[in-house]
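Novice: A structural model of the following input is requested.
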Amino acid sequence: MTLVDGKLRIELFSDAVIAIVITIAALEIPIPYNGVSNQFIESLITFAISFFIVAGYWNDHRKLFEQVGKINERFVLRNTCFLFSLVLIPVFTKWSMEAADKQVPMLAYGVLLMFINATFSGLFLAGIPLAKEPTEDVGHFKQLYKNRDHVYYVAILLAMGIGYFIPQLALLLFIGLPIISYFLKTNFEEKFEEQHRLEHRRNNRQKRKS
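Specialist: Reported below is the predicted structural model:
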């Protein structure tokens, strides 16, 4: 099996797992035969939260695979860990919604978000050296990504601290965290793509001179 075939199989498997997670989450929504009920609304909100969190990570995963030109066993292992953590999102979201006044579900949800982010960060860092057009300054980008992670982890820990005293408020904060993370990742990706463009131009100039 070639490296290209291996990458394609991992990508298809990842998309299938993510699609199944979202589908199962949708099937958990009860049909309101007797009119709209509180349970139906809560289930719909739970699904919406799970969907957009999972979809956001899928988008990040898609962008990463567009940059990766080959894979290795380390990359495959980290991708598997990432998928495992992502599968738990609907379960923990439902738990948090049904026990919104309890401390343990809120704290567990925060730990899960940190675990998901850690596994994707590991996947991303493993993918940088495997890029189709590898950057010369790998250490610089790793540090940028770690800085973004630090901000994200601090935000989660603050939400968990609030959740210890006011669990309902923590749930709202956890809903907003993926939005914050999205903008942080967008800023990082812009820097990453800008650096790639600059290096591509430098390489073209060097080829013309030679």
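Novice: looking at it, L171 is touching S96, isn't it?
Specialist: Yes: in this structure, L171 is within contact of S96 by CB atoms under 8 Å, at 5.8 Å. C-beta: built from backbone N, CA, C; applies to glycine.
Novice: okay, and the common contacts of these two?
Specialist: Common contact partners of L171 and S96 (CB atoms under 8 Å, 6 or more residues apart in numbering): M106, Y109.
Novice: So these two - more neighbours on which side?
Specialist: Legend: neighbour count by other CB atoms under 10 Å for L171 and S96, higher for S96 (26 against 21).
Novice: What average pLDDT does the helix or strand hosting the more buried one get?
Specialist: When elements are assigned from DSSP states H and E, S96 belongs to helix 89-98. Regarding helix 89-98, the rounded mean pLDDT is 82.
Novice: From the contact counts, what lies against the helix or strand following it?
Specialist: Scanning forward in sequence from helix 89-98 by DSSP H and E, the next helix or strand is helix 103-127. Helices and strands touching helix 103-127, by 3 or more CB pairs under 8 Å, 6 or more residues apart in numbering; DSSP states H and E, are helix 38-67, helix 73-87, helix 89-98, helix 138-165, helix 167-209.
Novice: quick check: angle from the helix or strand containing I22 to helix 73-87?
Specialist: For I22, the host element (DSSP H and E) is helix 3-27. Angle, helix 3-27 to helix 73-87, by axes from the mean of the first three to the mean of the last three CA atoms, to 10 degrees: 10 degrees.
Novice: what sits against the residue positioned nearest the centre of the chain?
Specialist: The centre of the chain sits closest to Y57, judged by CA atoms, centre = their mean, with a distance of 3.1 Å. Y57 is in contact with I18, F82, L86, I116, F120, counting by CB under 8 Å, 6+ apart.
Novice: cool, I22 as well?
Specialist: With contact set as CB under 8 Å, 6+ apart, I22 has these partners: S50, F51, V54, A55.
Novice: cool, and D15?
Specialist: Contact partners of D15, counting by CB under 8 Å, 6+ apart, are W58.
Novice: per-residue confidence for it?
Specialist: We have a pLDDT of 93 for D15.
Novice: And it, how far from F65?
Specialist: 9 Å (CB to CB, to the nearest Å).
Novice: Then F92?
Specialist: 26 Å.
Novice: on that earlier part again, can you name every helix or strand that the helix holding S96 contacts?
Specialist: Packing partners of helix 89-98 (3+ CB pairs under 8 Å, 6+ apart): helix 3-27, helix 38-67, helix 103-127, helix 167-209.
Novice: No further queries at this time; thank you.
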